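Chemist: quick one, what's the 3D model for this:
(4 chains)
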Number of protein chains: 2
Amino acid sequence: MLTELFLKGRLRHDLNEEERSALENAVARTIEIRPRVTLVERGQLIQHSYYLVQGTMLRHIDDRRGERQLVGVNIPGDFVDLHGYAMKRLDHDVGSLTGAILAQISHRKITELIDSYPHLGRALWFSTLLDAAMHREWIFGLGRLNAEGRIAHLIAELIERLRLVGLYDGSVLPIPLLQRDYAEACGITPVHANRSFRTLRERGALRPCGEGRMEILDEELIRRLGEFDGSYLYGTGELALRTLHDR
Amino acid sequence: MLTELFLKGRLRHDLNEEERSALENAVARTIEIRPRVTLVERGQLIQHSYYLVQGTMLRHIDDRRGERQLVGVNIPGDFVDLHGYAMKRLDHDVGSLTGAILAQISHRKITELIDSYPHLGRALWFSTLLDAAMHREWIFGLGRLNAEGRIAHLIAELIERLRLVGLYDGSVLPIPLLQRDYAEACGITPVHANRSFRTLRERGALRPCGEGRMEILDEELIRRLGEFDGSYLYGTGELALRTLHDR
DNA sequence: GCACCGCGCTAACCTATGTGATTGAGACTT
DNA sequence: AAGTCTCAATCACATAGGTTAGCGCGGTGC
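Modeler: Numbering: from 1, shown residues only, chains lettered A, B, ... in the order given. Presented below is the predicted three-dimensional model:
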């Protein structure tokens, strides 16, 4: 099943079988793309959205000088541009970090899904609001943490999100971000990202383990340095749904 | 009419009379609150959302040490916590900057609205995605601009948003943010916010004009310093809807 | 086999921003 | 009238992070 990870660990148990298979059947086709290619460009009129089945995608805004600011990272189970459904044009670019497999769903189908399954509609809405919650947390990190904390926060978030969808093995962060990518996400220079990774290494928090991946040695420390509290991911914790969604 | 500013300058002409009056009739009551009070607290279970009729509201995340990071500013025409409809608990606090008037709409009513007027449902969704687009732009600003640029970007955004809803008179920014508020929004210290305002003043970009308000002397300069391009507000410009929304 | 290139890594130096303290104006209390 | 706040405005000093340059390693192309 392509969409089995959608909202996994979140509203999962709140989507019934009918809704889930309707979502599954809405997929027009799957596409496979290579690493570091652009999937959706800012400003382009879109009629489909993409659900990420495998791989990692990056979302970014570029400034005049071509400097890139990451505004989001997507992992399997995420829609990468569902907000494009209501917006029709994105304000940012979406591209692959690794090779990736995506399921394409037309906006027409999404309208049908929402009309037929109002609760699924709210789940789709919810998933775009999760993005917004992550954005807010990134704003917090950029505004209040130093470089080391920002990197730690990002890593802690990725670990937690991977864990929610069952893709974290407890030791290796399976996302091959370059130090440049961390720099572009954290609003620092690659040189300073390197410095920060050195101190993280020296503290025994993590170490590189080839192919751009990180071995996580002390997740608790990473969370502390990043002042990370994952409740904003609405998986577990104080913000998660504790009662059945109002259907 | 309470909700006349909702999506004004955006999808406005895309809401028909029936939808608009349905929204208007969904308002249970209006409340008035005083300056600098909390309206919705992080984590609290909510059953209503609030639409801002008058005044300015601030949304913020606080860290362990009580340091506050603003994650959004709301002006009349905005829902301040519509995302609470799908999330049930907010990941951040919402409070007033000035005295404010808000229209309360119960989540039950919102469900009815969406079920009866699918297009209005998408408009509501769209409005929460506008928030997300602003979040992304703030991430960009925090990541890529220096202190002066961040302040300029924030001011340029506020001007543009006020203009879209017809609340900008072309010269005074009618939002009495303190320098501390700018600092909390821009991830800098109040001392540095003060320095940055001095250089903005010296450049002839703006000047304070009492009650915490700013007189805008050179909007073009402010936009340039903040690398501001308002298309992400989906009002005018390359991202705005140019065709009728798919109903 | 050699040249190249991207990436991680480091050092020396410079600058933007943080820190801590002080001052004065205006509003509000008592 | 005196005391107390809060906020804008500074200053002197400390430091996180930017800049520029360079090195080595591994992959890739010729």
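
Chemist: and the average pLDDT for stretch A:177-196 is what?
Modeler: For stretch A:177-196, mean pLDDT is 97.

Chemist: give the buried residues for that stretch.
Modeler: Buried residues in stretch A:177-196, defined by neighbour count with 16 or more other C-beta atoms under 10 Å in any protein chain shown: A:177, A:179, A:181-188, A:192-193, A:196. (Glycine included, C-beta is placed from N, CA and C.)

Chemist: ranges for the strands of chain A?
Modeler: Using DSSP state E, the strands assigned to chain A run over residues A:27-33, A:38-40, A:48-54, A:57-62, A:68-74, A:93-96, A:100-106, A:172-173, A:206-208, A:214-216.

Chemist: show me what the second one is packed against.
Modeler: Pointing back at strand A:38-40 there. When contacts are defined as 3 or more C-beta pairs under 8 Å, 6 or more residues apart in numbering or on different chains; DSSP states H and E, strand A:38-40 packs onto strand A:93-96.

Chemist: got it, and the first one?
Modeler: Strand A:27-33 makes packing contacts with strand A:48-54, strand A:100-106 when contacts are defined by 3+ C-beta pairs under 8 Å, 6+ apart.

Chemist: now the residue in chain A sticking out farthest from the centre: how far from residue A:221?
Modeler: What lies farthest from the middle of chain A is residue A:202; by C-alpha atoms, centre = their mean that is 28.1 Å. Distance, residue A:202 to residue A:221, by C-beta to C-beta, to the nearest Å: 12 Å.

Chemist: tell me who's in contact with the spatially most central residue of chain A.
Modeler: Chain A has residue A:74 as the residue nearest its centroid, 2.9 Å off, counting by C-alpha atoms, centre = their mean. Residues near residue A:74 by C-beta atoms under 8 Å, 6 or more residues apart in numbering or on different chains: A:52, A:56-59, A:80, A:94.

Chemist: swap in residue A:50?
Modeler: Residue A:50 neighbours (C-beta under 8 Å, 6+ apart): A:31, A:39-40, A:79-81, A:94, A:102-105.

Chemist: narrow those to those that are buried.
Modeler: The neighbour-count test (16+ other C-beta under 10 Å) marks A:39-40, A:79-81, A:94, A:102-105 as buried among these.

Chemist: just put these in a markdown table and tack on distance to DNA strand D.
Modeler: Formatted as a markdown table, the buried ones among the contacts of residue A:50 follow (distance: C-beta to the nearest atom of the strand, whole Å):
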| residue | distance to DNA strand D |
| --- | --- |
| A:39 | 23 |
| A:40 | 27 |
| A:79 | 31 |
| A:80 | 27 |
| A:81 | 29 |
| A:94 | 25 |
| A:102 | 24 |
| A:103 | 29 |
| A:104 | 29 |
| A:105 | 34 |
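
Chemist: closest to chain B among those residues?
Modeler: Nearest to chain B out of those is residue A:81 (C-beta to the nearest C-beta; 11.1 Å).

Chemist: looking at the helices and strands packed on strand A:27-33, which is nearest to DNA strand C?
Modeler: With distances scored as C-beta to the nearest atom of the strand, the stretch of the helices and strands packed on strand A:27-33 nearest to DNA strand C is strand A:100-106 (17.1 Å).

Chemist: who does the closest one pair up with?
Modeler: According to DSSP bridges, strand A:100-106 forms sheet pairs with strand A:27-33 (antiparallel), strand A:48-54 (antiparallel).

Chemist: tell me which of those sits most buried.
Modeler: Using mean count of other C-beta atoms under 10 Å in any protein chain shown, the stretch among those with the largest mean neighbour count is strand A:48-54, at a mean of 22.

Chemist: residue A:72 and residue A:66, how far apart?
Modeler: 19 Å.
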